[in-house]
Structure formats: C-alpha cells, structure tokens
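Chemist: quick one: sequence and predicted model below, then my questions.
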Amino acid sequence: MKAVDSRVIVQIDKSGTEVQKIGCLEIPIGSDEYEVGKVISVGPKAEGINEGDTVYVYPNAGKIFHHGGQEFKVISTSEIIVII
C-alpha cells in the first residue's frame, strides 16, 4: 500500500473510542476535535512526515477505506493537526 502526491495513509487508533449503540448502529463518542493515528505510508510530495509517526487529524479528514480487514484513512498533509 503506497500513498501518492502529498497524501498520507493513516491507521486511526480506535482503542480509546467509546461507542454508543442505537439499534444496530454504533456511534463513536469522544473527542470531536481530533483522532490519533499512526502513519503507514507517505506520498513523495508529503514533507516533514515519516512512516511510523503518530499524528492527530481532524475527525472528518480524508477518506476511509478497508484493506486486509483493517480500516485506514487517506488524508492530505493539510488535514494533520500535530505530528508527535
């Protein structure tokens, strides 16, 4: 899996997310200010970010996709709040 342009692929950490169940829907409860994730792949035009970095991103940032039974987000570098 490889990111393109100035995009990065991030695996969001859902371990600390509480979930409220309404019928068959599960709605995440928690911080609507940011999500924490690990950078899996960095596009060639993404500067200052490395694979393995932990990042905070806006919750509605990027597009979600599933691969190998896991959930990832493809986001642009401008949607990253902080690199840890």
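Modeler: Right, received. Where do you want to start?

Chemist: mind checking how far the residue nearest to V39 when sequence neighbours are not counted is from P59?
Modeler: Computed as CB to CB, 6 or more residues apart in numbering, the closest residue to V39 that is not its neighbour in sequence is D53, at 4.6 Å. All C-beta atoms are positioned from the backbone trio N, CA, C, and that covers glycine. Noted for D53: a distance of 19 Å to P59, by CB to CB, to the nearest Å.

Chemist: who's more crowded, these two?
Modeler: Higher neighbour count among D53 and P59: D53, with 16 against 12, using other CB atoms under 10 Å.

Chemist: just the helices in this structure please.
Modeler: If you assign secondary structure with DSSP state H, the chain ends up with no helices.

Chemist: please enumerate the strands of it.
Modeler: If DSSP state E is used as the criterion, the strands of the chain fall at 7-12, 18-22, 25-29, 35-42, 54-57, 63-67, 70-76, 80-83.

Chemist: residue contacts, I83?
Modeler: Residues in contact with I83 (CB atoms under 8 Å, 6 or more residues apart in numbering) are 48-49, 53-55.

Chemist: return the residues in contact with the closest residue to I40 other than its chain neighbours.
Modeler: Distances taken as CB to CB, 6+ apart put I9 closest to I40, at 4.5 Å, once the chain neighbours are dropped. Contact partners of I9, counting by CB under 8 Å, 6+ apart, are 1, 3, 39-41, 72-74.
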